[in-house]
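> okay, here's the prediction I keep looking at, along with the sequence it came from:
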Amino acid sequence: MSASDSKILKREPLKETEAAWTKLILTTYTDPLGKQRNWESAERRTRPEGSEIDGVGIVAILEKETGPEIILQKQYRPPLDKVVIEVPAGLVDAGESAEAAAVRELKEETGYVGLVSESSPVMFNDPGFCNTNLKMVHVTIDMSNPANQDLKPELEDNEFIEVFTVPLKELWAQCQELERKGFAIDARVGTLAEGIEIAKRWKL
């Protein structure tokens with residue numbers, strides 16, 4: 001069984017009353033010249049009350065003798081009808097911090113147990129289309145921890161995730177190769193890979 005075994009059966013318009021996860025919004029505003037304009041956008045219905053974010057992305061690095069490797073995932077995404085290369089990620093629960101969500105989601109999706117080292121500012125995924133946002137949370141993983149030797153993911157029944165690692169120094173090249181093979185690259189993975197290449201080029 002593989003993430004790529006998923007298949008779309010049909011696509012059809014979704015009624016507002018039947019939408020459990022998203023909603024469409026029409027915003028009326030005035031531009032700098034005072035002209036009234038409309039903007040169509042989408043919002044998640046799942047952001048907990050009082051939370052500033054929808055979810056988290058997780059930068060989890062394994063320190064190996066051969067060099068650092070990043071934990072990635074292959075997961076089928078119906079909107080694209082493709083398997084997407086992603087970092088571990090998930091939505092925050094009510095009353096949960098970004099950091100707690102990151103540790104929980106990492107364990108659930110990959111089996112790895114980690115500790116938070118830092119968190120990013122709030123980032124917006126596609127601000128011209130939706131208000132969805134997240135924090136990127138960096139998690140360190142102690143490979144001497146017995147739990148990280150015998151991985152036991154806790155996937156939900158609708159999650160089919162394949163976990164793999166890539167050497168950080170090869171991330172850009174791996175993204176290019178994976179795209180050639182038909183995978184879609186999540187923007188968070190691609191941006192991280194590009195950032196590494198920019199740092200190399202400009203010797204930052």
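Arrived safely.

> how close does H138 sit to A60?
8 Å (C-beta to C-beta, to the nearest Å). Bear in mind the C-beta positions are built from the backbone N, C-alpha and C, glycine included.

> give me the contacts around the helix ranked longest in the chain.
Ranked by residue count under DSSP state H, the longest helix found in the chain is helix 187-201. Contacts to helix 187-201, defined as C-beta atoms under 8 Å, 6 or more residues apart in numbering, come from residues 57, 59, 70, 72, 85-87, 89, 125, 136, 168-169, 171-172, 174-175, 204.

> and for stretch 41-48?
Residues outside stretch 41-48 that contact it (C-beta under 8 Å, 6+ apart): 19-25, 27, 53-54, 91-96, 129-132.

> quick one: buried ones out of those?
By neighbour count, with 16 or more other C-beta atoms under 10 Å, the contacts of stretch 41-48 hold 53-54, 91-92, 130, 132 as buried.

> ok, which pair from those is furthest apart?
Distance extremes for these: the farthest pair is V92 and C130 at 16.6 Å, using C-beta to C-beta.

> want to throw the buried ones among the contacts of stretch 41-48 into JSON lines with secondary structure, pLDDT and distance to S120?
Converted to JSON lines, those look like this (DSSP: H, G, I helix; E, B strand; the rest coil; pLDDT from 0 to 100; distance: C-beta to C-beta, whole Å):
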{"residue": "I53", "secondary structure": "coil", "pLDDT": "98", "distance to S120": "11"}
{"residue": "D54", "secondary structure": "coil", "pLDDT": "98", "distance to S120": "14"}
{"residue": "L91", "secondary structure": "strand", "pLDDT": "98", "distance to S120": "17"}
{"residue": "V92", "secondary structure": "coil", "pLDDT": "98", "distance to S120": "14"}
{"residue": "C130", "secondary structure": "strand", "pLDDT": "97", "distance to S120": "19"}
{"residue": "T132", "secondary structure": "coil", "pLDDT": "97", "distance to S120": "15"}
